[in-house]
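In: Model the structure of this input:
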Amino acid sequence: MKKAVALILAVILMVGVFSACEEVEFQTGSGDGQYAGVNVSDGGNNEGNSDKNGNSESNSTNTNSNSKPGKNDKDSSEASGDDYLETDTSIPLEKHELPNYNLNLEYVRAFEQDGRYIKMVQYASLKDYNDYLSNLLKAGYTKYDQNQIGSNYFTTLINKTTFVSLSFTSGNKALKVVSEPLGDLYPRKQDNKYTDKKIQSLFTGVKNENKPIYSGMGFVIRLSDGSFIIIDGGGGDYNSVDSNKFLKILKEQSPKGTEKPVISAWIFTHCHDDHIGVFNAFSKDFHDKVIIKSFYYNFPPDEAILLKAKFMYDKDYYSYPTFKRCISDYYSDAAVIRPHSGEKYYIKNSVIEMLFSYEDLYPSSLEKGSVGDFNDTSLIFKINIGGQSMLITGDAYTKSANFVTKNFGSYLKSDILQLAHHGQNDLLELYKLVNPTYALLPISHIDEKRMGMNSANKWIANSSAVRQVIVFWNQNVTIPLPYNPKASEISSKLPDKNTTYPTYPLN
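Out: Predicted structure coming up:
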């Protein structure tokens, strides 16, 4: 009897030891699982953010101001080495979903849509960011790109199947992880190979002619190699008036002898009809008359669009479903890039730095379809050409403006500011931080009271730093970049129905 009892106890002990060993092996990331990534060389740059002496920044910058409320600061020795790879194994991971890597689950919010995942950690610190980055590198991811804006840090990582955007923004103390299937990658500085033809860079604000809509926004930027960046396009276009206008601009400003104008990048701030309508019409009319290299847009999930902007599903040429069909049917060879904040794109002689995408407002931007004001899904980004900076805000509203002002502060300073939502939104704090010399007012009908309709516009109108507000309600307006007109070339600081703009040579 004693022998039988001893044998049973021995078996139980062996089973317990075997189970414990299995658990430890999984949690420490042995590399056998599908989420261990692949062994892609990081080029020797896999140590996170460190100074020139090799010291980790997280050791010096993780202060009590970033501590989580009601929690004691973590001992830096508690989470070191492979312990960071611990994760919750109770729920199986789907493809492209990343483990929690020892994150404080009390402050993690997560969202999944069509195989794309977002994790947002509130009350995070730079140490949390560096720890998570370290674990992605240990799991086989490689750094594709990295950027720092003030005390905000951004890293893009990839493996053979997955794209990861990792960020820490200090103003709202948030760690954000976006993981999605690996697709087209944005161009870094080392990828920006082109023949500079020394062509004068131009900016054209386009007046929408056709759709009886209150606003509309379409910008065409000619680059120094003769190719173009287009931002949005505008509403338009029942009888091809606006699509013909866009094609005419591209042809007139292309180098002589160009068979088809080349659009290096077409960027969409958001998917409202007065921003994508002209693109839809242009694609149906002239998709075979141009070459489009890449598209940049990051729209919310379809169900969120349907909930907050149901009219975008109306059956007409400027609908959102039409937009998606145009991309897939006409431009299958073009790259499609989903922008995330912190990314930096080098496109010919321009540098574009993304400062906001709707994911930055998660969970309020997605949870239960709660996008809030749909205009807050607009991208916000900075363009630098010839040493002059331009801030594009699309239809940015209160929440997105608060995000960029809180996190980027004085970095928002720009020479040229596009007034948000056609000058309708009162974003005084943002405008003060930008403190522009020139302002762009994208509106296609005459409204001489527009500059006095809110405190932000009044501030622009009264600012001694602002030399000129450029509006597109009478005509297309083309200016050189960089833009520094003589006083004699500015007929009036504020636009009215009699305002005129000088013409500049196109070649």
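
In: Now do the helices in the stretch 51-200 of the chain.
Out: Listed from the start of the chain, the stretch 51-200 of the chain has helices (DSSP state H, counting those that start in this stretch) covering 58-61, 126-138.

In: what's the most buried one of those?
Out: Comparing these by mean neighbour count (mean count of other Cβ atoms under 10 Å), helix 126-138 comes out on top with a mean of 23. From N, CA and C alone the C-beta is placed, and that goes for glycine too.

In: Give the other helices and strands that that helix contacts.
Out: Secondary-structure packing of helix 126-138 (3 or more Cβ pairs under 8 Å, 6 or more residues apart in numbering; DSSP states H and E): helix 58-61, strand 152-158, strand 162-169, strand 174-181.

In: who wins for proximity to L93 among these?
Out: Distances from L93 to each of the helices and strands packed on helix 126-138 were compared using Cβ to Cβ; the shortest belongs to strand 174-181, at 10.4 Å.

In: ok, that closest one: who's next to it in the sheet?
Out: strand 116-122 (antiparallel), strand 162-169 (antiparallel) (DSSP bridges).

In: Relative to the whole chain's centre, how far out is the helix or strand following that strand?
Out: Once the chain leaves strand 174-181, the next helix or strand it forms, by DSSP states H and E, is strand 201-205. Centroid displacement of strand 201-205 relative to its chain, using Cα atoms, centre = their mean, to the nearest Å, is 22 Å.

In: Which residue ranges make up the domains of the protein?
Out: 58-181, 189-489 (automatic domain parsing).

In: what about Y504, helix or strand, and which?
Out: Under the assignment given by DSSP H and E, Y504 is not contained in any helix or strand.

In: That one and L202: what is the separation?
Out: Distance check for Y504 against L202: by Cβ to Cβ, to the nearest Å, it reads 7 Å.

In: Ok, L175 next?
Out: Counting by Cβ to Cβ - L175 and L202 are separated by 41 Å.

In: Give me the more crowded residue out of the two.
Out: When neighbours are counted by other Cβ atoms under 10 Å, L175 comes out ahead of the other of L175 and L202, with 26 against 22.

In: pretty sure that one contacts L133?
Out: No: under the criterion of Cβ atoms under 8 Å, L175 lies out of contact with L133, with a separation of 10.1 Å.

In: Pull up the overlap in contacts between those two.
Out: Between them, L175 and L133 have L166 as joint contacts when contacts are counted by Cβ atoms under 8 Å, 6 or more residues apart in numbering.

In: show me where pLDDT drops low in the stretch 401-507 of the chain?
Out: Low-confidence segments of the stretch 401-507 of the chain, defined by pLDDT under 70, are absent.

In: one step back: hey, least reliable of the domains of the chain by pLDDT?
Out: Per-stretch mean pLDDT for these is lowest at domain 58-181 (a mean of 80).

In: export the helices of the stretch 51-200 of the chain to a markdown table and tack on distance to Y318?
Out: Formatted as a markdown table, these follow (distance: least, Cβ to Cβ, whole Å):
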| stretch | distance to Y318 |
| --- | --- |
| helix 58-61 | 47 |
| helix 126-138 | 41 |
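
In: so which of these gets nearest S179?
Out: Taking Cβ to Cβ, helix 126-138 is the member of the helices of the stretch 51-200 of the chain nearest to S179, at 9.6 Å.

In: coming back round to it: anything in contact with each of Y504 and L202?
Out: 478-480.

In: So which of the residues you listed sit within strands?
Out: 478-480 (DSSP state E).

In: Can you flag the buried ones in the residues you listed?
Out: Neighbour-count burial within those applies to 478-479; the criterion is 16 or more other Cβ atoms under 10 Å.

In: Can you lay out the ones in strands among the shared contacts of Y504 and L202 as a markdown table showing distance to K251?
Out: Written out in a markdown table, the entries for those read as follows (distance: Cβ to Cβ, whole Å):
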| residue | distance to K251 |
| --- | --- |
| T478 | 14 |
| I479 | 19 |
| P480 | 19 |
